[in-house]
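Undergrad: requesting a structural model of the entry that follows:
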Amino acid sequence: MQHSLAYLSLGSNLGDSAAILAAAVSRLQHLSTEPIAQSSLWQTTPVDCPPGSPLFLNAVVALRVQAGETPESLLAQLQALEIEFGRRPKVVLNEPRPLDLDLLSFGQEVRHTPQLVLPHPRARVRRFVLQPWSELAPDLVLPGETLSVGQLLAGLPAEDPMVKIG
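TA: Below you'll find the predicted structure:
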């Protein structure tokens, strides 16, 4: 049985974001059959967030999912992990949060359900996702796309300032 490669974006702008992301990556390792590949951490300006929202730390990881894992079962585990790290039900759209995990892609799987859209529908236009993702898989072409992650990144306007933290 094939173990799909899943890409996840991680973000945090509430609390000690660097420590939160490090702890989240450690926990995500348990979902992978091999060592996780991790991008650098990037400090980014909040996008579509309430005024005055703190800066984000963002990263992307790649994990090889366990046998029998589906995009839906992985999403459920990611949502449980967000809650474990203190995420509360949304009061305001895109409000500050200690941990935000998004399933960007899951092998060549495509989904269009109320719970899950794969590949992630907005990843292709978000520098805070594409910049760290291009460190791991610049040549990856997602289902339904003709351009690679690196090409999508190169086509974005350079208006969203990002600082590589490490």
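Undergrad: do a quick rundown of the strands in this structure.
TA: Along the chain, counting by DSSP state E, strands occupy 5-12, 37-38, 42-44, 56-64, 100-106, 111-112, 117-118, 162-164.
Undergrad: the last one: how far from the chain's middle?
TA: Looking back up the chat, that one is strand 162-164. From the chain centre to the centre of strand 162-164 is a distance of 16 Å (Cα atoms, centre = their mean, to the nearest Å).
Undergrad: which of the helices and strands in the protein ranks last by mean pLDDT?
TA: The weakest-scoring helix or strand in the chain, judged by mean pLDDT, DSSP states H and E, is strand 162-164 (a mean of 90).
Undergrad: residues contacting the residue lying closest to S40 once chain neighbours are set aside?
TA: The shortest distance from S40 to any non-neighbouring residue, by Cβ to Cβ, 6 or more residues apart in numbering, is to K164 (5.2 Å). (Each C-beta comes from the backbone N, C-alpha and C, glycine too.) By Cβ atoms under 8 Å, 6 or more residues apart in numbering, K164 lies in contact with S40, L41, W42.
Undergrad: related to what we said a few turns ago, include distance to L31 when you put the strands of the chain into CSV, please.
TA: Converted to CSV, those look like this (distance: least, Cβ to Cβ, whole Å):
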stretch, distance to L31
strand 5-12, 9
strand 37-38, 13
strand 42-44, 22
strand 56-64, 6
strand 100-106, 11
strand 111-112, 18
strand 117-118, 17
strand 162-164, 26
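Undergrad: please identify which of the ones you listed is closest to S134.
TA: With Cβ to Cβ as the measure, strand 56-64 is the member of the strands of the chain nearest S134 (8.7 Å).
Undergrad: tell me the strands beside the closest one, with direction?
TA: Strand 56-64 has the following strand partners under DSSP bridges: strand 5-12 (antiparallel), strand 37-38 (antiparallel), strand 42-44 (antiparallel).
Undergrad: quick one: contacts for D100?
TA: Here D100 is in contact with S9, L10, G11, S12, E82, R87 (Cβ under 8 Å, 6+ apart).
Undergrad: any idea what the first one is bridged to?
TA: In this structure, S9 has the following beta-bridge partners (DSSP bridges): V60, D102.
Undergrad: what's the pLDDT at K90?
TA: According to the predicted model, the pLDDT of K90 comes to 66.
Undergrad: the closest residue in space to R111 that isn't next to it in sequence: neighbouring residues, count only.
TA: Take R111 and drop its neighbours on the chain: the residue closest to it by Cβ to Cβ, 6+ apart is L118, 4.2 Å away. The number of residues packed near L118 is 24, by other Cβ atoms under 10 Å.
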